[in-house]
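In: Pasting the sequence and the predicted model now:
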Amino acid sequence: MVSAVLSTLLVAGCSDNDEKPFVTCPVEPGETPIPLEYFTLNEAETQVNAQTLDFSFRFFQHINAQEVSKNVVLSPLSAEMFLALIANGTATETREQIMQALGFEGLEIADLNSYNRLLLDKLPSIDNTTTLALANGLWAQQDFPFKPTYYEEMTKWFDASIKNMDFNNPTAVCDDINQWCNDNTHGCIPKVIDELSPDAVMILANALYFKGTWTEPFDATHTKRENFTTQAGTKVKVDMMSDRSMAAYFRNDDFGAIQRPYGNGAYSMWLLLPHEGKDINTCLANLDGDAWQRLRQEGYQGQYNVNLRMPRFELKYNRTLTDDLRQMGMPLMFEQFLADFSNMSDKQLYLDFVKQFTYIKVEEKGTEAAAVTIGGVNVTTSVGSDPLPLDFFLDRPFAFLITEYNTGAILFAGKVVTLEE
């Protein structure tokens with residue numbers, strides 16, 4: 001049996017080198033952040049953006065519902081961009097399922113590509129004190145009959161670098177892929193692949209790297225050992241950062257929320273704390289795209305003098321997403337004899353697996369976060385105006401989102417239910 005495999009990776013990175021500053025900015029120390037750029041979306045981009053936001057929450061909800069007692073860190077943007085790359089290679093009902101599951105039913109693939117082109121053009125340069133780097137790479141078995149038009153679309157819309165290699169030398173291919181991931185994640189994710197399937201003909205990768213400094217960093221001298229109550233009710237001692245500053249406060253029936261910006265405010269971390277007595281998983285099950293919009297618009301309570309306590313934390317998470325994506329409405333692309341990848345090749349292809357690996361580290365100076373999504377495609381042969389004090393203590397399970405201002409794009413979404421001492 002001859003089987004060709006296309007593997008897909010999405011990577012965002014961080015550095016664990018303790019000899020370097022925690023946050024490395026792409027500007028000289030002390031340089032003033034550039035003003036936040038406001039940009040608008042056209043009608044099609046607005047629709048894609050709204051549906052991408054909805055997908056982000058459905059994706060987060062689906063996984064979280066199955067991980068009730070574990071910390072979760074996901075990159076919805078990684079999942080969306082991965083599926084956009086895959087969708088470009090599909091046709092007929094296979095593409096329709098992907099577009100429908102993403103919420104893009106009735107839109108053309110060009111609309112999805114245009115939206116991702118916007119993200120690639122705008123997001124990396126919108127804040128000179130935050131590093132957001134996006135890269136796409138494609139490694140193809142030399143002489144395998146992939147369609148030139150697919151390569152052209154990958155270059156035009158995703159700036160994909162394309163490298164033809166001899167997959168009969170799998171060590172060289174894996175080394176090249178791992179080096180690319182290492183380079184594009186600043187050393188955070190140096191190795192993503194150990195071996196190639198004997199039938200592999202393509203590896204496709206998308207890298208997303210985020211590193212941001214808080215607009216108002218925490219004072220490290222105020223960090224103290226304090227209790228964090230886990231989902232299981234156990235109290236553990238953690239390094240609890242503290243800060244007092246003006247912030248908008250939002251509230252709905254499930255959460256209280258504040259927004260903590262990075263740099264010039266283009267990127268922010270939203271912190272969501274369930275009300276006392278509320279279970280975080282129940283609250284997150286209610287947090288879909290509509291609920292998120294209502295929280296931000298109707299849930300605004302005013303400006304408060306917020307006394308924030310927040311643990312330093314570092315989380316790693318990984319999950320095979322194959323069954324999740326099937327359950328979310330995209331089973332056909334995994335069907336060996338039914339999937340239609342005819343925009344990628346005239347060979348009978350199908351998506352074999354999808355996995356995501358994530359990492360986030362939050363400290364006094366800022367945040368680094370990482371995600372790797374990897375998949376394989378096989379070929380088949382057989383409040384009031386006066387500022388009031390507000391205590392916002394993240395000393396029990398909470399959720400977080402890292403978002404971009406103009407689009408609302410969710411780079412990372414997660415929950416913290418337990419921490420180690």
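Out: Alright, I've got the coordinates.

In: Contact partners for the closest residue in space to residue 342 that isn't next to it in sequence?
Out: The shortest distance from residue 342 to any residue other than its chain neighbours is 4.7 Å, reached at residue 91 (Cβ to Cβ, 6 or more residues apart in numbering). C-beta: built from backbone N, CA, C; applies to glycine. With contact taken as Cβ atoms under 8 Å, 6 or more residues apart in numbering, residue 91 is in contact with 340-343.

In: and with 10 Å instead?
Out: Listed by Cβ atoms under 10 Å, 6 or more residues apart in numbering, the contact set of residue 91 reads 109, 339-344.

In: Tell me the confidence at it?
Out: Turning to residue 91, the model gives it a pLDDT of 96.

In: What distance do you get for it to residue 116?
Out: 19 Å (Cβ to Cβ, to the nearest Å).

In: So residue 364, which state does it fall into?
Out: coil (DSSP: H, G, I helix; E, B strand; the rest coil).

In: List the contacts of the closest residue to it other than its chain neighbours.
Out: Excluding its sequence neighbours, the residue lying closest to residue 364 (Cβ to Cβ, 6+ apart) is residue 218, at 3.9 Å. Residues in contact with residue 218 (Cβ under 10 Å, 6+ apart) are 241-243, 245, 260, 308, 310, 312, 362-366.

In: what does residue 271 give?
Out: Applying Cβ under 10 Å, 6+ apart, the residues contacting residue 271 are 247, 255-260, 308, 310, 392, 394, 398-401.

In: Moving C-terminal from the helix or strand harbouring residue 48, which element do we reach first?
Out: Using DSSP states H and E, residue 48 sits within helix 43-64. Using DSSP H and E, the helix or strand that follows helix 43-64 in sequence is strand 72-74.

In: For the residue nearest to residue 364, grab phi and psi.
Out: phi -70, psi 150 (degrees, to the nearest 10).

In: Can you read off the pLDDT for it?
Out: pLDDT, read off for residue 218, is 96.

In: next one: residue 214
Out: The model's pLDDT for residue 214 equals 95.

In: residues touching it, list them.
Out: Contacts of residue 214 by Cβ under 10 Å, 6+ apart are 23, 243, 260-263, 268-269, 362-367.

In: Please convert the residues you listed to a markdown table, extending it with pLDDT and distance to residue 322.
Out: Formatted as a markdown table, the contacts of residue 214 follow (pLDDT from 0 to 100; distance: Cβ to Cβ, whole Å):
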| residue | pLDDT | distance to residue 322 |
| --- | --- | --- |
| 23 | 33 | 35 |
| 243 | 94 | 41 |
| 260 | 95 | 35 |
| 261 | 95 | 36 |
| 262 | 95 | 33 |
| 263 | 94 | 37 |
| 268 | 96 | 32 |
| 269 | 96 | 30 |
| 362 | 95 | 30 |
| 363 | 96 | 34 |
| 364 | 95 | 38 |
| 365 | 95 | 37 |
| 366 | 94 | 34 |
| 367 | 93 | 29 |
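
In: The residue nearest the centre of the chain and residue 67, how far apart?
Out: Centroid-nearest residue in the chain, with Cα atoms, centre = their mean: residue 75, separated by 2.1 Å. Distance, residue 75 to residue 67, by Cβ to Cβ: 15 Å.

In: list the buried ones in stretch 131-146?
Out: By neighbour count on 16 or more other Cβ atoms under 10 Å, the buried set for stretch 131-146 is 131-141, 144, 146.
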